[in-house]
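Student: A predicted structure for the sequence below; I have some questions about it.
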Amino acid sequence: MNPGTAALERGLGVLCALAEEPAARDGLGVVALAGLVGGDKSQLSRTLRTLEEHGFVERDRDTLAYRLGWRLFALAARVTDSRLVAAAPPVLRALVRELGESVHLSVRQGDQVLTLLSESPSSTLHAPGRVGGLTPLATTSAGRALVLDLEAQELEALGLAGAADALAAARSLGYAIVREEFEPGLVAAAAPIRGVTGRIVAALNVSAPRVRFEDRLEVAALRVVAAAGDLSAVLGGPAATAAA
């Protein structure tokens, strides 16, 4: 076998082992990886050094165990974004047909929400699309859905300490509801979309005037949760669930 091909196969074997082996959650040492990937330890050590130099693995300074590195997650995030944007439009359109209201796909951009896609019904009175627009995390349903997994310290850094009670309620329900906090007369419900690691990567939400949507908001939230679950499945992530 060509030496370059053999090295590539070792490198891919290491990444697969770190991604798929249950024991890799806390990292794997060179001996454990050699048992999984094969080859001698000196060759494997050289492969690991190369992967580490390029950010594909990282080594714990205390345990000396290896884990998947930042560059691999950065590449995965880019793939997730493109797959999500490609898969989302039919899901959004189906939700619009079912609910008769505007539906949005959003991601977190620092301490704000960036809307990637919007779909709206043909009716003349509906919540406007905001593709490319930025809205607050704290007062929008999508914003709250996007930060459901953050720790208290992270929420405080984002200026969300005041939303702790609302976020706790959203976590218990599996979705976030906002009533006239972002805009007078507007209500909304959102659910998180999760990627292959289980991390929240986006949010799906429906918004509409309170006067015609208030009595349907909780039921609509459950439909948003189901649609978010469909998109999570496309990304290989766990489905969103709502409290029974």
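Tutor: Right, received. Where do you want to start? Numbering: from 1, shown residues only.
Student: alpha carbons only for contacts and neighbour counts from here, please
Tutor: Will do.
Student: what about stretch 202-219, how long is it end to end?
Tutor: Terminal residues of stretch 202-219 lie 21 Å apart, using C-alpha to C-alpha, to the nearest Å.
Student: what mean pLDDT does that stretch have?
Tutor: Mean pLDDT, stretch 202-219: 94.
Student: what does that stretch rub up against?
Tutor: Residues from elsewhere that reach stretch 202-219 (C-alpha atoms under 8 Å, 6 or more residues apart in numbering): 101-108, 126-127, 141-143, 145-146, 179-180, 185-194, 220-221, 224, 227-228.
Student: is it correct that residue 234 is in contact with residue 85?
Tutor: No - contact criterion C-alpha atoms under 8 Å: residue 234 and residue 85 do not qualify, at 11.0 Å.
Student: what about these two, which has more around it?
Tutor: Per other C-alpha atoms under 10 Å, whichever of residue 234 and residue 85 has more neighbours is residue 234, with 19 against 13.
Student: look up how far residue 228 lies from the residue lying closest to residue 152 once chain neighbours are set aside.
Tutor: Once flanking residues are discounted, residue 152 sits nearest to residue 161: 7.3 Å by C-alpha to C-alpha, 6 or more residues apart in numbering. According to C-alpha to C-alpha, residue 161 stands 26 Å off from residue 228.
Student: neighbour-wise, which of the two wins?
Tutor: Shown here are residue 161 and residue 228; by other C-alpha under 10 Å, residue 228 has more neighbours (28 against 15).
Student: that one belongs to a helix, doesn't it?
Tutor: Yes - assignment of residue 228 by DSSP: H, G, I helix; E, B strand; the rest coil places it within a helix.
Student: any idea how far residue 200 is from it?
Tutor: For residue 228 relative to residue 200 (C-alpha to C-alpha), the value is 11 Å.
Student: joint contacts of these two?
Tutor: By C-alpha under 8 Å, 6+ apart, the residues touching both residue 228 and residue 200 are 192, 193.
Student: can you point me to the longest helix in the protein?
Tutor: Counting residues, the longest helix found in the chain (DSSP state H) is helix 70-99.
Student: elements contacting that helix?
Tutor: The contact analysis (3 or more C-alpha pairs under 8 Å, 6 or more residues apart in numbering; DSSP states H and E) places helix 70-99 against strand 57-59, strand 102-109, strand 112-119, helix 217-234.
Student: export those to a markdown table and tack on distance to residue 172?
Tutor: As requested, those are exported to a markdown table (distance: least, C-alpha to C-alpha, whole Å):
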| stretch | distance to residue 172 |
| --- | --- |
| strand 57-59 | 34 |
| strand 102-109 | 21 |
| strand 112-119 | 22 |
| helix 217-234 | 13 |
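Student: pick the most deeply packed of these.
Tutor: Ranked by average neighbour count under the criterion mean count of other C-alpha atoms under 10 Å, the helices and strands packed on helix 70-99 are headed by strand 102-109 at a mean of 24.
Student: who does that one pair up with?
Tutor: strand 112-119 (antiparallel), strand 200-209 (antiparallel) (DSSP bridges).
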